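Colleague: this one's structure only:
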């Protein structure tokens, strides 16, 4: 699996489908419940979290090029602790799969194939997973390559298709309820944004660590922008109360498309792009799961395990929840603490052990340096004294500082609007406008950086 | 009817998989065999559990029942 390469824009698409489809089924309802009309600011904090995770993975990739995060953790933490935290991460990935499969099954069962039992929807989905599992990552990348542009176009077209249904005053007053509600909504989104963690299983498939960092960042910001657009549409078209009460607000939003009197079932055309993309996200998670198992078992021959894992996941998905409400509560509320805990344990252990090793190496180096003073200048050249080289390390330029500045302006805009929005509505609007403008700048800068990387 | 059809399809699929892969599994390492047959056994156990209606305290269910209400209260109740 390690020899398969994924191209730059394929990586962007992978990250985008992971992040965009994290919440398209049910998250919007919860965000509208928690943050009301300010829910469109909710994707900022999860985006920061996803960027942080991608940065940590990039640092690991710099130190250990060509290895996935499980191999890296075993190398740094040793066999026992490494395997323990890998098992924890694998547990997280299994539950990502269970959560997404169950939400997908429930959505299809209640909205599209209303007379088909859940078991059969999941059965067919698992067969698709197994089928893709017998192939390789490049084939999945090609499938994503085929569908992703249509999917993004369908989302970018939605504001125009829904223009006649929009009521801009639905998002007013802007930030009048304070920034805490935005933070609370952001906390819930963090659990979904944490899905980016699984990209650590594909570190060996990317050419350089720098490419991984720049393109993952582009994918994350692009996804946050797309989700923000969708949330604005939900709020302006459906209003806060319907968005927070509808079980699947995005589907309800699609149903609102009415162009003249006779083109009113465009939702069916759009769902044709949305559902396969969601399934491709689940397949990507499945690949991460298989890569994790492969690292555990130290073998590349995973064909038979692929089929058995598929059956196992099918039954686990069915047994894990009693009802759609349980799956919904698990995905939207319970998964965030689990994600944060697993990520804290994984990265805490990996970076903690790395720091301890570095300290030990330094002490050893100092002791040897004392000996070297007696022995002569040639003895100083000890490889253990030096830290490992940061291969493919990314050195930021003007654009990187611009990206950081744009992120900071977004944060300041939320704080400013949140603190002053309830005094005067104009301040809230100013905060919202500054946030919107800086987000666009951020998106342009990360896109330009990704393009510059391609040219270099 | 639907349930029995699903059970038949699932068991057929599982049986065919075991039959098709048995030669490859014989050559595999011990941990691989353990995991493979462990998954197969768990599949059958979960199938029985699912259709008998027994409620197992699986992690996802436990989190949904015990952790989700706490988080919901935290973000909606405004403790901050």
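Modeller: Received the coordinates, thanks. These figures come from a predicted structure and were not determined experimentally.
Colleague: Which helix runs longest in chain B?
Modeller: Counting residues, the longest helix found in chain B (DSSP state H) is helix B:2-27.
Colleague: Give the buried residues for that one.
Modeller: B:6, B:10, B:13, B:14, B:17, B:18, B:21, B:25 (16 or more other Cβ atoms under 10 Å in any protein chain shown). Quick note: C-beta positions are derived from backbone N, CA and C, even for glycine.
Colleague: show me what contacts the third one?
Modeller: What it means is residue B:13. Contacts for residue B:13 (Cβ atoms under 8 Å, 6 or more residues apart in numbering or on different chains) come out as residue A:311.
Colleague: Equivalent analysis for the first one, please.
Modeller: Residue B:6 makes contact with A:117, A:119, A:120, A:123, according to Cβ under 8 Å, 6+ apart.
Colleague: which element is whichever residue of the stretch 351-456 of chain A sits closest to chain B on?
Modeller: Residue nearest to chain B within the stretch 351-456 of chain A (Cβ to the nearest Cβ): residue A:418, separated by 12.0 Å. In this structure, residue A:418 sits in helix A:398-420 according to DSSP states H and E.
Colleague: packing partners for the helix or strand that comes right after that helix?
Modeller: The helix or strand immediately downstream of helix A:398-420 is helix A:425-455, counting by DSSP H and E. Where contact means 3 or more Cβ pairs under 8 Å, 6 or more residues apart in numbering or on different chains; DSSP states H and E, helix A:425-455 is packed against helix A:8-23, helix A:209-233, helix A:398-420.
Colleague: so who does the residue of the stretch 1-150 of chain A found nearest chain B touch?
Modeller: Per Cβ to the nearest Cβ, residue A:119 is where the stretch 1-150 of chain A lies closest to chain B, at 4.6 Å. Residue A:119 makes contact with A:318, B:2, B:3, B:6, according to Cβ under 8 Å, 6+ apart.
Colleague: now residue A:351
Modeller: By Cβ under 8 Å, 6+ apart, residue A:351 lies in contact with residue A:56.
Colleague: got a pLDDT number for it?
Modeller: Confidence at residue A:351, expressed as pLDDT, is 94.
Colleague: low pLDDT regions in chain A?
Modeller: Within chain A, the ranges that satisfy pLDDT under 70 run A:1-3, A:368-396.
Colleague: now whichever helix in it runs longest and helix A:8-23, what's the angle there?
Modeller: In chain A, assigned by DSSP H, the helix with the most residues is helix A:335-375. Counting by axes from the mean of the first three to the mean of the last three Cα atoms, to 10 degrees, helix A:335-375 points 140 degrees away from the direction of helix A:8-23.
Colleague: For the closest residue to residue A:216 other than its chain neighbours, give me its contacts.
Modeller: Excluding the flanking residues, the one nearest residue A:216 by Cβ to Cβ, 6 or more residues apart in numbering or on different chains is residue A:54, at 4.2 Å. Going by Cβ under 8 Å, 6+ apart, residue A:54 touches A:15, A:196, A:199, A:212, A:213, A:216, A:217, A:220.
Colleague: isn't the fifth one right up against residue A:55?
Modeller: Yes - at 7.0 Å, residue A:213 counts as touching residue A:55 under the criterion of Cβ atoms under 8 Å.
Colleague: Looking at those two, which one has more neighbours?
Modeller: residue A:213 (24 against 14; other Cβ atoms under 10 Å in any protein chain shown).
Colleague: any idea which helix or strand carries the residue nearest to that one when sequence neighbours are not counted?
Modeller: Spatial nearest neighbour of residue A:213, chain neighbours left out: residue A:58 (3.9 Å); criterion: Cβ to Cβ, 6+ apart. Counting by DSSP H and E, the element that carries residue A:58 is helix A:44-63.
Colleague: That helix versus helix A:425-455: what angle between them?
Modeller: 20 degrees.
Colleague: Helix A:44-63: which residues count as buried?
Modeller: Buried, per 16+ other Cβ under 10 Å, within helix A:44-63: A:44-51, A:53-54, A:56-63.
Colleague: Could you list the low-confidence segments of chain B?
Modeller: Those would be B:1, B:78-80, if you go by pLDDT under 70 across chain B.
Colleague: hang on, isn't residue A:144 packed against residue A:12?
Modeller: No - taking contacts as Cβ under 8 Å, residue A:144 lies outside contact range of residue A:12: 10.0 Å.
Colleague: Let me see the contact set for the closest residue in space to residue A:277 that isn't next to it in sequence.
Modeller: In space, and not counting its chain neighbours, residue A:277 is closest to residue A:151: 4.8 Å by Cβ to Cβ, 6+ apart. When the contact criterion is Cβ under 8 Å, 6+ apart, the partners of residue A:151 are A:273, A:274, A:277.
Colleague: For stretch A:214-224, which outside residues touch it?
Modeller: A:8-9, A:11-16, A:18-20, A:43-44, A:46-47, A:50-51, A:54, A:57-58, A:193, A:196, A:199, A:206, A:394, A:403, A:439, A:442-443, A:446-447, A:449-450, A:453.
Colleague: Which of these are buried, as a ChimeraX select command?
Modeller: Applied in ChimeraX, the following selects the buried portion of the contacts of stretch A:214-224 according to 16+ other Cβ under 10 Å:
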select /A:8,9,11,12,13,14,15,16,18,19,20,43,44,46,47,50,51,54,57,58,193,196,199,206,394,403,439,442,443,446,449,450,453
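Colleague: quick one: the strands in the stretch 51-200 of chain A?
Modeller: Assigned by DSSP state E, counting those that start in this stretch, the stretch 51-200 of chain A shows no strands.
Colleague: Can you name the residues of it sitting close to chain B?
Modeller: A:91, A:95, A:98-99, A:117, A:119-120, A:123, A:180-181, A:183-185, A:187-188 (Cβ under 8 Å from any Cβ of the partner chain).
Colleague: do the stretch 301-450 of chain A as well
Modeller: Residues of the stretch 301-450 of chain A lying near chain B (Cβ under 8 Å from any Cβ): A:301, A:303-305, A:307-309, A:311-312, A:314-316, A:318-322, A:326-327, A:329-330, A:332-338.
Colleague: Any quick PyMOL command for the buried ones out of these?
Modeller: Per 16+ other Cβ under 10 Å, the buried members of those correspond to this PyMOL selection:
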select buried, chain A and resi 304+305+307+308+309+311+312+314+315+316+318+319+320+321+326+327+329+330+332+333+334+335+336+337+338
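Colleague: Helices - which of the residues of the stretch 301-450 of chain A next to chain B land there?
Modeller: Short answer: these in helices (DSSP H) are A:303-305, A:307-309, A:311-312, A:314-316, A:318-320, A:326-327, A:329, A:335-338.
Colleague: picking up where we left off before, now the contacts of residue A:151 in a markdown table, please, with extra columns for distance to residue A:261, secondary structure and neighbour count.
Modeller: Converted to a markdown table, the contacts of residue A:151 look like this (distance: Cβ to Cβ, whole Å; DSSP: H, G, I helix; E, B strand; the rest coil; neighbours: other Cβ atoms under 10 Å in any protein chain shown):
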| residue | distance to residue A:261 | secondary structure | neighbour count |
| --- | --- | --- | --- |
| A:273 | 25 | helix | 18 |
| A:274 | 25 | helix | 21 |
| A:277 | 30 | helix | 22 |
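Colleague: ok, for the residue of the stretch 51-200 of chain A found nearest chain B, nearest residue in space, not its chain neighbours?
Modeller: Residue of the stretch 51-200 of chain A nearest chain B, by Cβ to the nearest Cβ: residue A:184 (4.1 Å). Closest residue to residue A:184 apart from its sequence neighbours, by Cβ to Cβ, 6+ apart: residue B:75 at 4.1 Å.
Colleague: so who does residue A:7 touch?
Modeller: With Cβ under 8 Å, 6+ apart, residue A:7 has these contacts: residue A:141.
Colleague: gap between it and residue A:145?
Modeller: 9 Å (Cβ to Cβ, to the nearest Å).
Colleague: any shared contact partners between the two?
Modeller: Counting by Cβ under 8 Å, 6+ apart, nothing touches both residue A:7 and residue A:145.
Colleague: circling back to that earlier point, enumerate every residue touching the residue nearest to residue A:213.
Modeller: A:209, A:210, A:212, A:213, A:216, A:394.
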